[in-house]
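Asker: 3D model of this:
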Amino acid sequence: MNHHEYEMSPASPATLHTTRATCCYCGTGCGVLIESTPEGRIVNVQGDPQHPANFGRLCTKGSTLHLTAAPSVQQQVRLLTPMRREQRGGDAAPIAWETALEEAADKFAEVIRAHGPQAVAFYGSGQLLTEDYYVLNKLVKGLIGTNNLDTNSRLCMSSAVTGYKATLGSDAPPACYDDFQHAQTIFIAGANTAYAHPILFRRIEDARQANPSMKLVVVDPRRTETAEMADLHLPILPGTDVALFHGMLHVLMHEGLLDLDYVARHTEGFEALQDVVRAYTPEVVARTCGIAEADLIQAARWFGGHTPTLSLYCQGLNQSSRGTDKNAALVNLHLATGQIGKPGSGPFSLTGQPNAMGGREVGGMATLLSAHRDLRHAHDRAEVAALWGVQDVPAQPGLTAVEMFEAAARGEIKALWIACTNPAQSMPDQATVRRALSQCEFVVVQEAYATTATCAHADLLLPAASWGEKDGTVTNSERRISRVRPAITPPGEARQDWAIFADFARRLERRLPERTATYRHGQATLFPYDSAESVWNEHRETTRGRDLDITGLSYRILETIGPQQWPMPEGVQHGTARLYTDGKFPTASGRAKFAAMQCEPVADPVDAQYPFSLNTGRLRDQWHGMSRTGTLGRLFGHVSEPAMDLHPQDMQRLGLQDGDLVRVDSRRGLLHIPAKASDSVRPMQAFIAMHWGQEFLSGQDDRGQVTSGVNAVTNSASCPTSRQPELKHAAVRITPAHLPWRVLAVAWLSEAEALVVREAIKPLMRQFTFSSCVPFGREPHAEGKVGLLFRAAHADPVSDDLITQLTEHMGVTGVDILRYQDKARSQRRLMRMERCADGLRLGAFVMTGDIRSEAWIRPLLQEDMLADGYGRALLAPGPVPPVAIESQGAQVCTCFNVTEPQIVSVLKTCEGDANARLAVLQSSLKCGTNCGSCIPSLRKLVRDTAADTRASVVA
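Answerer: Sure thing, here's the model as predicted:
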């Protein structure tokens, strides 16, 4: 890409300013163009057509970023000023930045002097920019003198890091997005790419359409949207990935599909691996993995014979107690077949966060050092110390994420700083995390959103800039660095994260003279930065001569020529698309290393007491803890409420219908959640989306303690090498929940207050055994409204006062209320009517006790149907409406609000092959023509409808 190719797109209207940045969700690194007003309001976002990651495409989440930045949203959820909480559990009060940072510096210095630097810890995020990461890393390891810095990337990518280092010698993904169009086989393992990286999946679809002979193999215990699109799906049992990869290698060896010349010239350790793999015969592996032997053999033949082969993988391999082994075993396949360093091939780890890669580059984790240096090596530590101008960098490895919170729970961490992440939602084994946050003497939370679960545990809250306001750089999955520029000034008193760290660091320096006395070159401070660029320039120098050398890059190049892939050393004109093209690897011998290991079982085995295997993962339209996506009702159109997927056989055996509540117990905790039948999971397996934390799914356990969403039951057992926890499997017991007394409250509220109401309802949620609260609707709503849906269940009726509070919050008050109450049965139904141009509509309702009429009352409200003809029949119990109602059905396309019944209706009238029928859908309903995230769902409906049609003809 040359200078002329990276010019700004045609100008927006004269009153708007266009800023180039990136999306803030997954690690694809999509470029965006942000349109903002002179008054500093973001009004639109579109994909950057010149960005090489996405070429203008955005998914449902990225294409609605401007809606999450609307003032009506930001004013309700953002942390706008420093806040201090005088006592835990109390309200936080505003304080000045000067006061906040002075108190933080005092407290951290006090702890360091009294207990040593190992008594403090910092927990960051893959959403921090590289400049933020760099300053934080230098603060913790250079100034304080501890390696107790870890991030939520430990939950995401650390097994990919250790897998690459164990085999290829460095944490460097060797492939790139351009390889999609060159591959003959794409092998996706442990990744639901259609949901987690939808824009990359669009590129895969494009490549398959251009090359019909391409094969797609998907390895996943669930039949996900990605698996639905595959030529071959391998639904392996949880934890058996290593056995699968060894079994494939066994077939490759037996059928002569190895590249023995490549193995001889560029690798070492193959003989030891051969000795291990001989025992993994197709028969043994098929039985171990729970798949057909023929499917195993076919996967191996395509991998080694239908080449080049590109592997894509993510949390299914990473989030495991054997995550490093799983990653390395897959890399083994590429080395053995020579499928690396050439177009269309290579083991390609997809990052889950927008800058998890940038954090790895600066060494911003407990086990890493700057620019891929090794904490274990004295020479590397000395290099970093010299670059920073300090006497030394500590040799003792820091506490990783799980270890950090376990240490805090034991009282060993006295002061904890959490930045840009929500561990009270995202960490496994939430009971331990909550103890840690309670036990720790001083907790600082540096955050953009005041609504996260972690904020409730903070002694000090510091407001940080967020998407559209940040200044710096990010690196995506293909090692491509992009410039991120702010479109608007951060609201209130929010500051750039790097600036917060630097300001705090300079104050801490004054309180730690014993550390500053050892600074080299007479420098007064380690943190002289006056801009994001000044930070980045220092980071750039640390990469000189390293495998990720970016000394040939600058902000100017990124802003004029465009995003570049590392390495890009001084003197070259462009970045490097693929690594290891010459067969040389950054190891002592210059050869890649085969990793020989046995397949080990999951850390949390199923047994008679906990017979189900619980898996967690992403939804299409949500991201992580939903602090941002969870503010938009329209992003709940695809999946509207928390639920657990169970196989229909298990639903029948347990006597469950869709929507029935179940109790989920593990060896660590419990939660209650509705169940629904799904053939995407195998019998005795279950799935809950990772997003459902306490903010949206709550209740009480048997001791009356607040439950904390899905991670109340997940497992913190970690890979011994990567220290990444096994979030992809937990042994659980699932039983029907006997909670007969129900509450349902649904309301249209002003967009200026809906999220405030949701926050006000959170304390009420904790007083039920089960509760959930989610927004709904379609922003921007013609009447400026957002919906809110509250659902709860309890063994017995709760107090009238509690229901009165809920009713008042939901606005079911005033004169236009239809009422029914049976105190003896603790039943009530309240309906608030609203007058509109066409007549009367239902604006809100509250039901307690018998809520079966939800079946027709709820669509009446949510779909804005006229309710004139119902009158007091709205108060009637039971699931059958007094007048027939035709609901719009489940939403499939978020962009154009297209529902499944609409799609099926069109498909029943059109002919042709699958592509022709999809084209008819897109032209008539527009679904799948904007972001494309719904295309896998559309293709499935095309297939299912065709099958139904054929069945009808046969009948």
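Asker: OK, contacts around Leu739?
Answerer: In this structure, Leu739 makes contact with Leu661, His672, Thr769, Phe770, Ala793, His794, Ala795, judged by C-beta atoms under 8 Å, 6 or more residues apart in numbering. Where you see a C-beta, it was placed from the backbone N, CA and C, and this is true even at glycine.
Asker: Give me the distance between it and Ile803.
Answerer: Leu739 sits 16 Å away from Ile803 when distances are taken as C-beta to C-beta, to the nearest Å.
Asker: among the contacts of Leu739, who's most crowded?
Answerer: When neighbours are counted by other C-beta atoms under 10 Å, Phe770 leads the contacts of Leu739 with 26 neighbours.
Asker: From what I see, that one and Ala675 are in contact.
Answerer: No: distance between Phe770 and Ala675: 11.9 Å, which falls outside the contact criterion (C-beta atoms under 8 Å).
Asker: where do the contact lists of the two overlap?
Answerer: When contacts are counted by C-beta under 8 Å, 6+ apart, Phe770 and Ala675 are jointly contacted by Leu661.
Asker: if we can go back for a sec, sort out for me which of the contacts of Leu739 are in strands.
Answerer: With DSSP state E as the criterion, strands contain Leu661, His672, Phe770, Ala793, His794 from among those.
Asker: any chance of the residues you listed in CSV, with distance to Glu600 and pLDDT too?
Answerer: Rendered in CSV, the data for these read as follows (distance: C-beta to C-beta, whole Å; pLDDT from 0 to 100):
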residue, distance to Glu600, pLDDT
Leu661, 35, 98
His672, 33, 98
Phe770, 36, 98
Ala793, 40, 98
His794, 42, 97
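Asker: Cross-check the contact I'm expecting between Ser771 and Ala792.
Answerer: Yes: at 4.1 Å, Ser771 and Ala792 qualify as touching, with contact defined as C-beta under 8 Å.
Asker: residues touching the residue sitting nearest the centre point of the chain, list them.
Answerer: Within the chain, one residue has its C-alpha closest to the average C-alpha position: by C-alpha atoms, centre = their mean, that is His624, at 3.7 Å. The neighbours of His624, taking C-beta under 8 Å, 6+ apart as the test, are Gln353, Asn422, Ser426, Met690, His691.
Asker: Can you check the pLDDT for the second one?
Answerer: What the model reports for Asn422 is a pLDDT of 98.
Asker: now swap in Cys836 and tell me
Answerer: In this model, Cys836 is scored at 88, pLDDT.
Asker: Which of the three states applies to the residue lying farthest from the centre of the chain?
Answerer: What lies farthest from the middle of the chain is Ala824; by C-alpha atoms, centre = their mean that is 46.5 Å. Assigned with DSSP: H, G, I helix; E, B strand; the rest coil, Ala824 falls in the helix class.
Asker: And for Thr28?
Answerer: coil.
Asker: Phi, psi for it please.
Answerer: With angles defined as degrees, to the nearest 10, Thr28 sits at phi -60, psi -40.
Asker: now swap in the one 5 residues further on and tell me
Answerer: Dihedral pair for Leu33: phi -110, psi 120, per degrees, to the nearest 10.
Asker: Who is it paired with across the strands?
Answerer: Arg20, Gln46 (DSSP bridges).
Asker: wait, it sits on Thr19?
Answerer: Yes: using C-beta under 8 Å, Leu33 and Thr19 qualify as a contacting pair, with a distance of 7.2 Å.
Asker: Could you check which of these two has the larger neighbour count?
Answerer: Neighbours per residue (other C-beta under 10 Å) separate Leu33 from Thr19, with Leu33 holding more: 21 against 18.
Asker: And that one, what's its pLDDT?
Answerer: Leu33 is assigned 98 on the pLDDT scale.
Asker: Show me the shaky parts of the stretch 851-955 of the chain.
Answerer: Within the stretch 851-955 of the chain, the ranges that satisfy pLDDT under 70 run 947-955.
Asker: mind running it again at 90?
Answerer: Per-residue confidence of the stretch 851-955 of the chain (counting by pLDDT under 90) places the weak regions at 868-869, 871, 882-890, 897, 910-911, 914-915, 930-933, 935-936, 940, 943-955.
Asker: Show me the strands in it, by range?
Answerer: With DSSP state E, counting those that start in this stretch, the ranges of strands along the stretch 851-955 of the chain come out as 891-893, 898-899.
Asker: Neighbouring strands of the first one in the sheet, and parallel or not?
Answerer: The reference is to strand 891-893. Using DSSP bridges, strand 891-893 pairs in its sheet with strand 898-899 (antiparallel).
Asker: Run the chain-centre distance for the strand it pairs with.
Answerer: For strand 898-899, the distance between its averaged C-alpha position and the chain's averaged C-alpha position is 25 Å (C-alpha atoms, centre = their mean, to the nearest Å).
Asker: sorry, back to before: hey, which of the strands of the stretch 851-955 of the chain is tucked in deepest?
Answerer: Most buried of those, by mean neighbour count (mean count of other C-beta atoms under 10 Å): strand 891-893, with a mean of 25.
Asker: which residues touch that strand?
Answerer: The set of residues that contact strand 891-893 without belonging to it, under C-beta under 8 Å, 6+ apart, is 637-638, 897-900, 903, 925-928, 934, 937-938, 941.
Asker: Among the contacts of His624, which are located in helices?
Answerer: Ser426 (DSSP state H).
Asker: Without its sequence neighbours, what residue ends up closest to Cys910?
Answerer: Closest residue to Cys910 in three dimensions, ignoring its sequence neighbours and counting by C-beta to C-beta, 6 or more residues apart in numbering: Val920, at 4.3 Å.
Asker: Counting neighbours, what do you get for the one you found?
Answerer: Other residues lying near Val920 total 16 when counted by other C-beta under 10 Å.
Asker: one step back: for Lys593, state which of the contacts of His624 is nearest.
Answerer: Lys593 has its nearest neighbour among those in Gln353, at 28.0 Å by C-beta to C-beta.
Asker: and the closest one, how many residues sit next to it?
Answerer: There are 26 residues near Gln353, going by other C-beta under 10 Å.
Asker: what sits against it?
Answerer: Contacts of Gln353 by C-beta under 8 Å, 6+ apart are Cys26, Gly27, Ser125, Gly126, Gln127, Asn152, Ser153, Cys156, Met157, His624.
Asker: The contacts of Leu739 into CSV, with extra columns for distance to Gln46?
Answerer: Supplementary listing: those in CSV, determined by distance: C-beta to C-beta, whole Å:
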residue, distance to Gln46
Leu661, 42
His672, 41
Thr769, 45
Phe770, 41
Ala793, 43
His794, 46
Ala795, 51
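Asker: which one of these sits closest to Leu614?
Answerer: The shortest approach to Leu614 among the contacts of Leu739 belongs to His672, at 14.1 Å (C-beta to C-beta).
Asker: List the single closest residue to that closest one in space, sequence neighbours excluded.
Answerer: Nearest non-adjacent residue to His672, counting by C-beta to C-beta, 6+ apart: Phe770, 3.8 Å away.
Asker: Show me what that neighbour bridges to in the sheet.
Answerer: Assessed by DSSP bridges, Phe770 has beta-bridge partners Gly699, Ala793.
Asker: sorry, back to before: if you count surrounding residues, which of Ser771 and Ala792 has more?
Answerer: Using other C-beta under 10 Å as the criterion, Ser771 and Ala792 rank with Ala792 on top: 27 against 24.
Asker: if I pick the more buried one, what's in contact with it?
Answerer: When contacts are counted by C-beta under 8 Å, 6+ apart, Ala792 touches Arg742, Val743, Leu744, Met765, Phe768, Phe770, Ser771, Ser772.
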